[in-house]
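Asks: take a look and give me a structure for this.
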Amino acid sequence: MSLHPEPIGEIPAETVRVARAAFPKGNIVTRLRDEFSILYQDEDFRQFYPSRGQPALAPWRLALITVFQFLEHLSDRQAADAVRARIDWKYALGLELTDPGFHFSVLTEFRARLVAGQAEHLLLDTMLERFKARGLIKARGKQRTDSTHVLGAVHDLHLLELVGETLRATLDDLAAVVPDWVRAIAQPAWFERYAHRIEDYRLPRSREKREALSLEIGADGFFLLDALDDANAPATARAVPMVQTLRDVWRVHYARDDGRPRWRAGAELPPVGERLQSPYDPEMHYSTKRQIEWSGYKVHVTETCDDEAAHLITHVKTCPAMEQDMTSTAEIHACLAAKGLLPSEHYVDSAYVDAALLVSSQRDHGISLEGPVRGVSSWQARTGQGYDLPNFVIDWEREQVTCPQGKVSVTWRVARREDGSPRINAVFSRSDCGACSVRTLCTPAKEGRRAVYFHTRHEYEALNAARSRMHDPTWTEQYHIRTGVEGTLSQGVRAFGMR
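Replies: Below you'll find the predicted structure:
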């Protein structure tokens, strides 16, 4: 398919006449065309098409159809039927009433071009540019972000199903590429064991038989991997993507002792969020948040929330399910900066905030990150008692810390956290702490000496300022606007089946 961009023409006169008669007050589809005669244009998609070949359908129309399709929660087949049958869609697309439309597979192919070109955000970003030109959205306003879980669109497998189905899927894919080689190395039992999809109702009922089957599957998988690693194995077989999935699953769940497979013990396994949940979607992971457990992904949605203005989504990010919200804050800001849509105030929940982000958001982008922060140290939170960091007085110039009992620290050292960021460690003397009458209320001792850990000065002051704001009734009332994004997430769940 080739693309030769053409300007968007006028709506055919007969289409206009019939649409006006059918929708005298218009509807959302016709009003969108009236307000934005050019929401998308062919030039926006030039990079995804070659210049030679059979002419492609106008990509601006396919983009608009995609928007309508998801607006009304239609399948590709239903959307293609709507192009043929609906007057309002023909009006918005500038088509004759007699236009026969196209095969529904064209929509799949169009989306595949965007995905292959890593342009998943193109439709949203282009729409935002048009909205920005009309003054419907502006930079340096208020925005809010929240996340929700997204279920993977595959069956959630238990462990025996996972290893069995992974091996079966690998054999199927290899048989399609190198059938003669698979036939030569296949064991007689494989033809019955892996002839059908591995599902729980087909598996043995007793625990002993299941354990025996799991070891047989493990041995079969190792046999296949050894055959693939043999010098005589065809290179095309090793290049099959499912082979790498098989290697990953076997590396996580199986070990070999004297050539015999065994299940890995729990202590040998990586964190559950890093294990594969399905051979058909290796990027899908298990995660838990509060009382919710799921296998899939996490999506972050950011939208404007200025008073008396339209609330528009400005950014969407999908990430691995087990990734903490806090790791996405800086990336969201960078993406908004690239779009020229940075807010001045960004409302988030506590999962998106820490001391470093409070400082970097203001320093790098001029954003006031508005969200609750933890008010107690992790030790005090665990014990429910004791002195918190604000009970200590920090002298930044002298690099000293005074405890609530008036004792002064004897060392001041800048250490590094696991992520490389600095952390200050102030230690008190053993003689001062040993004779202290309230030592049980203080921070835990290390080698008999009490230590206080805290952020750098800018981070410490930003954290204290954020804690102070949390007690301000005006801030508390204003912060309520963050909860509005939860309604947007709920609409996404209902309309697009996100969960």
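Asks: after the helix or strand where Lys90 lies comes which helix or strand?
Replies: According to DSSP states H and E, Lys90 maps onto helix 87-93. Sequence-wise, the next helix or strand downstream of helix 87-93 (DSSP H and E) is helix 105-116.
Asks: contact partners of the helix or strand that comes right after that following helix?
Replies: Helices and strands here follow DSSP H and E; after helix 105-116, the next one along the chain is helix 122-133. Defining contact as C-beta atoms under 8 Å, 6 or more residues apart in numbering, one finds that helix 122-133 is touched by 36, 38-40, 44-45, 63, 66-67, 114, 137-138, 312-314, 316, 339-341. No exception for glycine: its C-beta is placed from N, CA and C like everyone else's.
Asks: how about the longest helix seen in the chain as PDB, C-alpha atoms only?
Replies: Assignment by DSSP state H gives helix 207-229 as the longest helix of the chain. Only the C-alpha atoms of helix 207-229 are listed here, as PDB (Å, rounded to 0.1, in the frame of the first residue of the first chain):
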ATOM      1  CA  ARG A 207      -1.400 -34.600  43.500                       C
ATOM      2  CA  GLU A 208       1.100 -37.400  42.900                       C
ATOM      3  CA  LYS A 209       0.200 -37.800  39.300                       C
ATOM      4  CA  ARG A 210       0.400 -34.100  38.700                       C
ATOM      5  CA  GLU A 211       3.900 -34.000  40.300                       C
ATOM      6  CA  ALA A 212       5.000 -36.900  38.100                       C
ATOM      7  CA  LEU A 213       3.600 -35.200  35.000                       C
ATOM      8  CA  SER A 214       5.300 -31.900  35.800                       C
ATOM      9  CA  LEU A 215       8.700 -33.700  35.900                       C
ATOM     10  CA  GLU A 216       7.900 -35.500  32.700                       C
ATOM     11  CA  ILE A 217       7.200 -32.100  31.000                       C
ATOM     12  CA  GLY A 218      10.400 -30.700  32.500                       C
ATOM     13  CA  ALA A 219      12.400 -33.600  31.100                       C
ATOM     14  CA  ASP A 220      10.700 -33.100  27.700                       C
ATOM     15  CA  GLY A 221      11.500 -29.400  27.700                       C
ATOM     16  CA  PHE A 222      15.200 -30.000  28.600                       C
ATOM     17  CA  PHE A 223      15.400 -32.600  25.800                       C
ATOM     18  CA  LEU A 224      14.100 -30.100  23.300                       C
ATOM     19  CA  LEU A 225      16.400 -27.400  24.500                       C
ATOM     20  CA  ASP A 226      19.400 -29.700  24.300                       C
ATOM     21  CA  ALA A 227      18.400 -30.600  20.700                       C
ATOM     22  CA  LEU A 228      18.100 -26.900  19.800                       C
ATOM     23  CA  ASP A 229      21.500 -26.200  21.200                       C
END
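Asks: can you give the contact residues for the helix or strand following it?
Replies: Using DSSP H and E, the next helix or strand after helix 207-229 towards the C-terminus is helix 235-238. By C-beta under 8 Å, 6+ apart, the residues outside helix 235-238 that reach it are Leu174, Val177, Val178, Trp181, Leu228, Val243.
Asks: how about the helix or strand that helix 235-238 is followed by as CSV, C-alpha atoms only?
Replies: The first helix or strand that comes after helix 235-238 along the chain, using DSSP H and E, is helix 241-253. Output of helix 241-253 as CSV, limited to C-alpha atoms (Å, rounded to 0.1, in the frame of the first residue of the first chain):
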residue,chain,number,x,y,z
PRO,A,241,10.5,-16.5,19.3
MET,A,242,8.6,-19.1,21.4
VAL,A,243,12.0,-20.9,21.9
GLN,A,244,13.2,-18.0,24.0
THR,A,245,10.0,-18.1,26.0
LEU,A,246,10.6,-21.8,26.7
ARG,A,247,14.1,-21.0,27.9
ASP,A,248,12.8,-18.3,30.2
VAL,A,249,10.1,-20.5,31.7
TRP,A,250,12.4,-23.5,32.2
ARG,A,251,15.1,-21.3,33.7
VAL,A,252,12.7,-19.9,36.3
HIS,A,253,10.8,-23.1,37.3
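Asks: mind checking what helix or strand follows helix 241-253 in sequence?
Replies: strand 254-257.
Asks: what pairs with that following strand, and is each one parallel or antiparallel?
Replies: Paired strands of strand 254-257, with direction, are strand 260-263 (antiparallel) (DSSP bridges).
Asks: coming back round to it: just the buried residues from the contacts of helix 122-133, in PyMOL please.
Replies: In PyMOL, this line selects whichever of those come out buried by 16 or more other C-beta atoms under 10 Å:
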select buried, resi 36+39+40+44+45+63+66+67+114+137+312+313+314+316+339+341
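Asks: looking at the contacts of helix 122-133, which are in strands?
Replies: Taking DSSP state E as the definition of strands, the contacts of helix 122-133 contribute Ile313, Thr314, Val316.
Asks: that older thread, other SSEs contacting the helix holding Lys90?
Replies: Counting contacts by 3 or more C-beta pairs under 8 Å, 6 or more residues apart in numbering; DSSP states H and E, helix 87-93 packs against helix 13-22, helix 28-35, helix 59-71, helix 76-85.
Asks: among these, which comes closest to His346?
Replies: helix 59-71 (26.4 Å; C-beta to C-beta).
Asks: how far off centre is the closest one?
Replies: Distance, stretch centre to chain centre, for helix 59-71: 24 Å (C-alpha atoms, centre = their mean, to the nearest Å).
Asks: quick one: mean pLDDT for that helix?
Replies: For helix 59-71, mean pLDDT is 94.
Asks: now swap in stretch 362-375 and tell me
Replies: Computed over stretch 362-375, the average pLDDT equals 91.
Asks: check which residues of that stretch are buried.
Replies: His365, Ile367, Ser368, Leu369, Glu370, Gly371, Pro372, Val373.
Asks: Thr15 and Ile87 touch, don't they?
Replies: Yes - the criterion here is C-beta atoms under 8 Å, and Thr15 meets it with Ile87 at 7.5 Å.
Asks: what touches both of those two?
Replies: Leu97.
Asks: just want to know which of those two has more residues nearby.
Replies: Counted by other C-beta atoms under 10 Å, Thr15 and Ile87 do not tie: Thr15 has more neighbours, with 21 against 17.
Asks: which residues sit against stretch 93-100?
Replies: 8-12, 14-15, 18, 33, 61, 64-65, 83-84, 87, 90.
Asks: over to stretch 318-335?
Replies: 145, 147, 149-150, 271, 273-274, 283-287, 294-300, 302, 315, 317, 342, 346, 348-349, 351-354, 357, 360-361, 364-365, 367, 369.
Asks: hmm, try it at 7 Å
Replies: 145, 147, 149-150, 273, 283, 285-287, 294, 296-300, 302, 315, 317, 342, 351-352, 354, 357, 360-361, 365, 367 (C-beta atoms under 7 Å, 6 or more residues apart in numbering).
Asks: separate out the buried members of those residues.
Replies: Members of those classed as buried by 16+ other C-beta under 10 Å are 145, 147, 149-150, 285-287, 294, 296-300, 302, 315, 317, 342, 351-352, 354, 357, 360-361, 365, 367.
Asks: rewinding a little: inside strands: which ones of the contacts of stretch 318-335?
Replies: Those of these mapping onto strands are 145, 147, 149-150, 285-287, 294, 296-300, 302, 315, 317, per DSSP E.
Asks: now, which of the residues you listed sits nearest Cys433?
Replies: Ser287 (40.8 Å).
Asks: can you pull up the bridge partners for the closest one?
Replies: Trp294.
Asks: right, and it touches Gly296 too?
Replies: No - using C-beta atoms under 7 Å, Ser287 is not in contact with Gly296; the gap is 8.1 Å.
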